[in-house]
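Peer 1: Fold the following and give me the result.
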Amino acid sequence: MLAVVLARSGSGTLPREGAEPVEPCPNRIWPATGFAKARCSQRSWRMTYTRLLVSVLVAVCAAPAWAHHRQTPPVVPFVTSGDTPLPRLASQNARIFSLGVPSGGKTQIVIVFPFVDPTDQLQQGLPGNNANPAVSGRGVEVVWDTADDPLGLGLPGRQLVMSQRGSLTVTPLTKDPTGTASNPAVDRLGRNIAFESTGDLANTGNAGARQIFVLQSGGSFQQMSSGVGTSRNPTVSGLRSLIAFESTSDPTTGADTGISQIWLGSLLGVKPTRLTSGAGPSFNPALSDDGGLLAFESTADLAGSGADTGVSQIFIYDPKTKNFARITNDAGGCHLPGVSSVHKDFRVTFVCNGEPYFYMVAADLRFHVNVGGVTQRIVGEMDIHFVLVSSTGNPLAGGTTPTNQVYLVNLFKRPAQPVPGLATWFPARGIPHNPRGCAPGVC
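Peer 2: Prediction:
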């Protein structure tokens, strides 16, 4: 588009610096734009060129983020049979996401471009014993774990593999002798891949404890967790290079406490430190794409005594101010948080009693997404106007389905319903209140 507009606006060449001023400019005829014999000074030529360039760049950069909600139907289905849960980690790219879909008794990893052709699912590798797909922030690299040894290397158990977007060719990433490499998370450029394993992959002397490792771009492994406890579920941010995970290791002695806590560190050499210390477990961390917010669930009363309540609630942590908030207080508990930076706010998604919800942090508003049935997971990765849900509810035809199906819900055309619920910050408020945090048509 840019080249076309510049072609229409003239030769696209500015006068050389230091050249003699041309007053007025030579006569030009621009029939494509309706200009006829424009006579201008060198300064006005440059102003016209600059304004055209800026206008085009603004249009190209801004239009896609705000056009899809008007063109996309209220609900878009992506699968019609088999049980398809959403992956553990939401995509950090607003134009692409991954799924593991049933295929002949096996699982096929696919990527989907919901705003290009939602019916076109690009296969990654071949069907097999595949799980936990994760996409890099730029949407090119797709990583998952598999037990199929697809390249016939004689590798045991589960290993990590990667393919480029839309490619059936896979590249082995690990040769873990314990066969326990799984649960990957990928950074923005696909250069750092976090995962869990019980192997001694970084030569630290790990004796079988499940640890968090990072496979770096040069092929070396860095162990991010420590101790003899169990460390699981890594998540990384597309920006700021943050990494979070859960671990039962004591930060001082390394002993296994048996109670998982949330840890936060950096891929750039900042050693992870423990954030929570409640009597109940804290787990399932999720980082926003920009690294500005961490969400997790915990059965501990972190906003109060720290005692184990036995019921999971959703919490958030602001790395900038180092403040926490409890954003649910439901008697039946809430699970599987996700978080994304959208518009001027953060959206935290979660499931309570089989129903999908999201909370706008700066706007201080909670919403229910009505899809019916029982929802496995909801994520808000596709910009402010969209959420993805995996549910037995059928928001298209009503009723329910025997298994989980995946849908894209357009909140602009199928608004979520506001419901009571307000965050409790401690020790002080982190994200400032901003009533304009929601986009028009969403809140």
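Peer 1: from here on, contacts and neighbour counts on C-alpha atoms
Peer 2: Fine.
Peer 1: Could I get the full set of strands for the stretch 301-443 of the chain?
Peer 2: Using DSSP state E, counting those that start in this stretch, the strands of the stretch 301-443 of the chain run over 308-318, 323-326, 334-342, 345-352, 355-360, 365-368, 375-379, 386-393, 400-410, 417-419, 424-426.
Peer 1: elements contacting the fifth one?
Peer 2: Put plainly, it is strand 355-360. Packing partners of strand 355-360 (3 or more C-alpha pairs under 8 Å, 6 or more residues apart in numbering; DSSP states H and E): strand 345-352, strand 365-368, strand 375-379.
Peer 1: what domains does the record give for the protein?
Peer 2: Following automatic domain parsing, one finds the domains of the chain at 2-64, 72-81+290-443.
Peer 1: mean pLDDT lowest for which of those?
Peer 2: Note on those: domain 2-64 shows the lowest mean pLDDT, a mean of 41.
Peer 1: ok so, going back, figure out which of the helices and strands packed on strand 355-360 is closest to residue 193.
Peer 2: Between residue 193 and the helices and strands packed on strand 355-360, the shortest gap by C-alpha to C-alpha is with strand 375-379, which sits at 21.2 Å.
Peer 1: contacts for the closest one?
Peer 2: Residues outside strand 375-379 that contact it (C-alpha atoms under 8 Å, 6 or more residues apart in numbering) are 85-86, 90, 336, 338-339, 349-351, 354-357, 387-393, 404.
Peer 1: can you give me the helices for this structure?
Peer 2: For the chain, the helices defined by DSSP state H occupy 2-8, 42-71.
Peer 1: Export the helices and strands packed on strand 355-360 as TSV, with columns for mean neighbour count and distance to residue 148.
Peer 2: Shown next, in TSV, are the helices and strands packed on strand 355-360 (neighbours: other C-alpha atoms under 10 Å; distance: least, C-alpha to C-alpha, whole Å):
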stretch	mean neighbour count	distance to residue 148
strand 345-352	26	32
strand 365-368	21	40
strand 375-379	26	27
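Peer 1: Can you lay out the ones you listed as TSV showing distance to residue 332?
Peer 2: Listed next are these as TSV, based on distance: least, C-alpha to C-alpha, whole Å:
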stretch	distance to residue 332
strand 345-352	7
strand 365-368	16
strand 375-379	15
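Peer 1: which stretch among the ones you listed comes nearest residue 219?
Peer 2: Between residue 219 and the helices and strands packed on strand 355-360, the shortest gap by C-alpha to C-alpha is with strand 375-379, which sits at 31.4 Å.
Peer 1: out of the helices and strands packed on strand 355-360, which comes closest to residue 284?
Peer 2: strand 345-352 (11.2 Å).
Peer 1: And residue 70, how far from residue 431?
Peer 2: Plainly put, residue 70 is 30 Å away from residue 431 if you go by C-alpha to C-alpha, to the nearest Å.
Peer 1: Strands along the stretch 1-150 of the chain, start to end?
Peer 2: For the stretch 1-150 of the chain, the strands defined by DSSP E, counting those that start in this stretch cover 28-30, 35-38, 75-77, 97-103, 106-112, 121-128, 130-135, 141-146.
Peer 1: wait, which of those strands is closest to residue 260?
Peer 2: With C-alpha to C-alpha, the closest approach to residue 260 among the strands of the stretch 1-150 of the chain belongs to strand 130-135: 21.0 Å.
Peer 1: what's the closest one packed up against?
Peer 2: Using 3+ C-alpha pairs under 8 Å, 6+ apart as the test, strand 130-135 ends up in contact with strand 97-103, strand 106-112, strand 141-146, strand 182-186.
Peer 1: most packed of those?
Peer 2: Highest mean neighbour count of those: strand 182-186, a mean of 28 (counted as mean count of other C-alpha atoms under 10 Å).
Peer 1: That strand - which strands sit beside it in the sheet, and in what orientation?
Peer 2: Strands that pair with strand 182-186, judged by DSSP bridges, come out as strand 193-197 (antiparallel).
Peer 1: Check the average confidence over the partner strand, would you?
Peer 2: 98.
Peer 1: Pull the residues that contact that strand.
Peer 2: 178-187, 210-216, 231-236.
Peer 1: cool, and stretch 199-217?
Peer 2: By C-alpha under 8 Å, 6+ apart, the residues outside stretch 199-217 that reach it are 176-178, 180, 191-198, 220-232, 234, 245.
Peer 1: quick one: buried residues of that stretch?
Peer 2: Judged by neighbour count (16 or more other C-alpha atoms under 10 Å), stretch 199-217 contains these buried residues: 199, 200, 201, 206, 209, 210, 211, 212, 213, 214, 215.
Peer 1: just stretch 143-159 next, same as before
Peer 2: Buried residues in stretch 143-159, defined by neighbour count with 16+ other C-alpha under 10 Å: 143, 144, 145, 146, 147, 148, 149, 150, 155, 157, 158, 159.
Peer 1: Just the CA coordinates for that stretch, please, in CSV.
Peer 2: Extracted in CSV, the C-alpha atoms of stretch 143-159 (Å, rounded to 0.1, in the frame of the first residue of the first chain):
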residue,chain,number,x,y,z
VAL,A,143,7.1,-25.4,19.7
TRP,A,144,5.5,-28.4,21.4
ASP,A,145,6.4,-31.6,23.2
THR,A,146,5.9,-35.0,21.7
ALA,A,147,6.5,-38.7,22.6
ASP,A,148,6.8,-39.9,19.0
ASP,A,149,10.5,-39.3,18.2
PRO,A,150,9.4,-38.0,14.8
LEU,A,151,12.9,-37.9,13.4
GLY,A,152,13.8,-41.4,14.5
LEU,A,153,16.6,-40.4,16.7
GLY,A,154,16.0,-43.0,19.3
LEU,A,155,15.1,-40.5,22.0
PRO,A,156,13.0,-41.7,25.0
GLY,A,157,9.8,-40.3,26.4
ARG,A,158,8.8,-36.7,25.7
GLN,A,159,11.0,-34.2,23.9
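Peer 1: Pull the distance from that stretch to the chain's centre.
Peer 2: Computed by C-alpha atoms, centre = their mean, to the nearest Å, the separation of stretch 143-159 from the middle of its chain amounts to 25 Å.
Peer 1: quick one: contacts for residue 97?
Peer 2: 90, 91, 111, 112, 113, 135.
Peer 1: thinking again about what came up before, compare residue 70 and residue 431 (neighbour count), which wins?
Peer 2: The neighbour comparison of residue 70 against residue 431 (other C-alpha atoms under 10 Å) goes to residue 431, with 21 against 12.
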